[in-house]
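Asks: pasted the sequence and its predicted model underneath.
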2 protein chains.
Amino acid sequence: MATIKDVAKAASCSISTVSYVMNNDTRIPEKTANRIKEIAHEIGYFPLAAARRLKKKNTDTVIIAISDFGGPVYHELLNGIQYQLAKHNYTMIVSTGVSSENLLRERSADGAVITDIHISDDFLLRLARNFSPIIVLDRSLSAENIYNMTINNHDVMKSFVTLMIEKGYQKFVYVHGVNNTYDNLTRYSGFRNALEAQKIAVFKEYYGDFTENTGRLIADSIMDNKEEFPDIYICANDETAIGMMESFQARGFKIPDDFGVSGFDDILLAAYFNPRLSTIKINHFDWGKSIADTLVRLMQQKSVHIEKQQGVIVLRESV
Amino acid sequence: MATIKDVAKAASCSISTVSYVMNNDTRIPEKTANRIKEIAHEIGYFPLAAARRLKKKNTDTVIIAISDFGGPVYHELLNGIQYQLAKHNYTMIVSTGVSSENLLRERSADGAVITDIHISDDFLLRLARNFSPIIVLDRSLSAENIYNMTINNHDVMKSFVTLMIEKGYQKFVYVHGVNNTYDNLTRYSGFRNALEAQKIAVFKEYYGDFTENTGRLIADSIMDNKEEFPDIYICANDETAIGMMESFQARGFKIPDDFGVSGFDDILLAAYFNPRLSTIKINHFDWGKSIADTLVRLMQQKSVHIEKQQGVIVLRESV
DNA sequence: GTGAAAGCGCTAACAC
DNA sequence: GTGTTAGCGCTTTCAC
């Protein structure tokens, strides 16, 4: 493997000169620099990350720990983060499961974004003693070096349900996402609060997992068991809502005539589905960008001002 | 930041003893080892990746360079790779765009899997001079240190189209994915070859990009322009096929009565869509596992035997 | 403008 | 069983 020594030898100069050139130090005249760059290119030399990191004490890298590579939501979020990070010349690496824990523990990056429910609060709290900054998207966790950049799930869901009550809906069902997750819990409590404020009881609840497929299964079981329909199904996210609508429609039900269905996220498909899905729009790309900006400022020891990412209500045809 | 020195000092031993303990060297008696582990844990010490990598000349890490975080296909592929890599105690990192190139050039891993059309052949060829192994999934590239683990797109597509001819279909349309990609080109040539073998001319071709949304747009434009329908639309992948079917059905067409539609990949939704989509099944999870196994063997300098991942024809209702 | 040399945090060969 | 030490490939201070 070619090292800085090989280049120095081939260029008959010292390794420090090569290092200066590789780092575009202006002290080296252009002519010399170009000659050395050419030699490096020819040899196929590029500085080894491990050596540079050890010396410089930074990695110019950011870790995004996600729970899963699927789903239309992460997609846009990751694109937004990557887009903005690239502007600041940071390298982004995405990981799941045990890989994330390895990378974090060994401090393979200068900053981290966590949205993986499999990583425990304890792990993060320990990590934060030796690692900063950590931005969490999937929980509310307070400690030095940990920053929360969540969505205003509760407030926007409460507004949405209140609006549905004003539109005349009375019997409300909530279809949960993965239980005990921050997103599900906060959306659910917004839902409850809206009903309680109007002294309306919850008609029924179902338990899903944020996927289209489980949405289909829930609707199938409702129809199979001939359960009574509410006025509206408030789903924890769009995918669940779309899965349910697919099953209901397959057996001839009309939405919103027979009952309404709403989602959360505003994924691409939401606007294309028939009926077009009413939902709460989260601009995941923008969210990603602001996460990246905040992370970069934190890594540069600059002050940050964090606000919750705002969801906005999008009324279409399904309610 | 806590280093090995801090632990040694706190434990009143040498840094080598700490190192042995952290690496579970059996020379250190359990009692001592536990004491030192406890101290390390208390201090919050964990070996720094950069230092270890520099010394050991390996990273125990693998890079997966993808072009995009979206889509149901990558999802399963990545899960399969991660699943199998974890068994061998490798850490997996996923990256896109310029991040991938940075990581590869700086040799931040011991092996790489490439499925990102934005990375040029030239880049890989240069990289392969200083980096091995590299497994490519999205092209056919022959050089030392580069290994191809592609799908038998051509052959299985040819078999599928031949079968369709036998079923009586005569007028064939091909709906392309992203042009010039390996997957699209090889599937298309399988399609062409099947027709040529039976002296059947291609009825028409459309140009998509592997997405559901573009599939919808293509179908919309076909109907808007009142273009003549073929007997069957052979789509480059499932998402395109499903997008087209959605649009056709929205305007009252019946599949397969009015015309057939086929896909490629067998994504989860293919089996749930109405009509259930006939397609060519790629088991992406298994593919991912065998990619991981091969990569691990290569990193261990063991011999490998590579075969193309086999697609299998799945006939359902849409043709 | 260029070079010599220290040292980042770790592993492992070698010595005892 | 434990400690001493060289050195991985770089960056950067300091000297000239």
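Replies: Good, I have the coordinates.

Asks: just the helices in the stretch 101-250 of chain A please.
Replies: Taking DSSP state H, counting those that start in this stretch, the helices of the stretch 101-250 of chain A run over residues A:121-127, A:153-166, A:182-197, A:212-224, A:238-250.

Asks: which one is A:I36 nearest to, not counting chain neighbours?
Replies: A:V21 (4.5 Å; Cβ to Cβ, 6 or more residues apart in numbering or on different chains). (C-beta placed from N, C-alpha, C; glycine too.)

Asks: pretty sure that neighbour is touching A:E38, no?
Replies: No. Counting by Cβ atoms under 8 Å, A:V21 stays clear of A:E38, with 10.3 Å between them.

Asks: look at those two and report which has more neighbours.
Replies: A:V21 (22 against 11; other Cβ atoms under 10 Å in any protein chain shown).

Asks: mind checking pLDDT for that one?
Replies: Reading off the confidence values, A:V21 has pLDDT 96.

Asks: which residues touch it?
Replies: Residues counted as contacts of A:V21 (Cβ atoms under 8 Å, 6 or more residues apart in numbering or on different chains) are A:I28, A:T32, A:A33, A:I36, A:K37, A:A40.

Asks: can you list the residues of the stretch 51-200 of chain A near DNA strand C?
Replies: A:L54, A:K55, A:K57 (Cβ under 7 Å from any atom of the strand).

Asks: want to throw those into TSV with neighbour count, pLDDT and distance to B:K9?
Replies: Below are those laid out as TSV (neighbours: other Cβ atoms under 10 Å in any protein chain shown; pLDDT from 0 to 100; distance: Cβ to Cβ, whole Å):
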residue	neighbour count	pLDDT	distance to B:K9
A:L54	17	97	21
A:K55	11	96	23
A:K57	12	95	21
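
Asks: those also near chain B: which ones?
Replies: A:L54 (Cβ under 8 Å from any Cβ of the partner chain).

Asks: chain B contacts on the stretch 51-200 of chain A?
Replies: A:51-54, A:59, A:68-70, A:72, A:74-75, A:78-79, A:82, A:85-86, A:91-99, A:102-103, A:105-108, A:126, A:129-130.

Asks: picking up where we left off before, which of the residues of the stretch 51-200 of chain A next to DNA strand C fall in helices?
Replies: A:L54, A:K55 (DSSP state H).

Asks: quick one: A:K56 from A:N23, how far?
Replies: According to Cβ to Cβ, to the nearest Å, A:K56 and A:N23 sit 10 Å apart.

Asks: what is the neighbour count of the closest residue to A:N24 other than its chain neighbours?
Replies: Setting aside the residues directly before and after it, A:N24 is nearest to A:A33 in space (Cβ to Cβ, 6+ apart), at 7.9 Å. By other Cβ under 10 Å, the residues close to A:A33 number 18.

Asks: now A:A33, what's its secondary structure?
Replies: Here A:A33 is recorded as helix under DSSP: H, G, I helix; E, B strand; the rest coil.

Asks: quick check, A:D60 in contact with A:N89.
Replies: Yes. Using Cβ under 8 Å, A:D60 is in contact with A:N89, at 6.7 Å.

Asks: more neighbours: these two, which one.
Replies: Legend: neighbour count by other Cβ under 10 Å for A:D60 and A:N89, higher for A:D60 (18 against 10).

Asks: confidence score at that one?
Replies: Predicted confidence (pLDDT) for A:D60: 96.

Asks: mind checking how far it is from A:I234?
Replies: From A:D60 to A:I234 the distance is 44 Å (Cβ to Cβ).

Asks: just the strands from the stretch 201-319 of chain A, written as ranges.
Replies: Per DSSP state E, counting those that start in this stretch, the stretch 201-319 of chain A carries strands over the ranges A:202-207, A:232-235, A:260-262, A:279-281, A:312-314.

Asks: out of those, which is the most enclosed?
Replies: Among the strands of the stretch 201-319 of chain A, judged by mean count of other Cβ atoms under 10 Å in any protein chain shown, the one packed with the most neighbours on average is strand A:232-235 (a mean of 29).

Asks: chain center to that one: distance?
Replies: On the basis of Cα atoms, centre = their mean, to the nearest Å, strand A:232-235 sits 24 Å off its chain's mean C-alpha point.

Asks: and the strands in the stretch 51-200 of chain A, which stretches?
Replies: Using DSSP E, counting those that start in this stretch, strands in the stretch 51-200 of chain A cover A:61-66, A:91-95, A:111-115, A:134-136, A:146-148, A:172-176.

Asks: adjacent strands (with direction) for the first one?
Replies: When pairing is defined by DSSP bridges, strand A:61-66 lines up against strand A:91-95 (parallel), strand A:111-115 (parallel).

Asks: next one: stretch A:189-208 to chain centre, how far?
Replies: 27 Å.

Asks: my bad, stretch A:187-206
Replies: Distance, centroid of stretch A:187-206 to centroid of chain: 27 Å (Cα atoms, centre = their mean).

Asks: pull out the buried residues from it.
Replies: Buried residues in stretch A:187-206, defined by neighbour count with 16 or more other Cβ atoms under 10 Å in any protein chain shown: A:R187, A:Y188, A:G190, A:F191, A:R192, A:A194, A:L195, A:V202, A:F203, A:K204, A:Y206.

Asks: so the fifth one is in contact with A:E205, correct?
Replies: No. Distance between A:R192 and A:E205: 10.0 Å, which falls outside the contact criterion (Cβ under 8 Å).

Asks: for B:T186, see how far away A:R216 is.
Replies: 34 Å.

Asks: tell me which parts of the stretch 51-200 of chain A are close to DNA strand D?
Replies: So the stretch 51-200 of chain A meets DNA strand D at A:A51, A:R52, A:L54, A:K55, A:K56 (Cβ under 7 Å from any atom of the strand).

Asks: output the below-cut-off pLDDT ranges for chain A.
Replies: In the prediction, chain A carries no residues with pLDDT under 70.

Asks: distance of A:V304 from DNA strand C?
Replies: Look at A:V304 and DNA strand C: by Cβ to the nearest atom of the strand, to the nearest Å, they are 26 Å apart.

Asks: what is the burial count for that residue?
Replies: 14.

Asks: who's in contact with it?
Replies: A:Y147, A:T294, A:R297, A:L298.

Asks: go with 10 Å
Replies: Contacts for A:V304 (Cβ atoms under 10 Å, 6 or more residues apart in numbering or on different chains) come out as A:P133, A:I135, A:Y147, A:M149, A:D293, A:T294, A:L295, A:V296, A:R297, A:L298.

Asks: for A:A241, same thing?
Replies: By Cβ under 10 Å, 6+ apart, A:A241 lies in contact with A:175, A:208, A:212, A:215, A:233-235, A:255, A:261-265, A:267, A:270, A:273, A:277-279, A:318.
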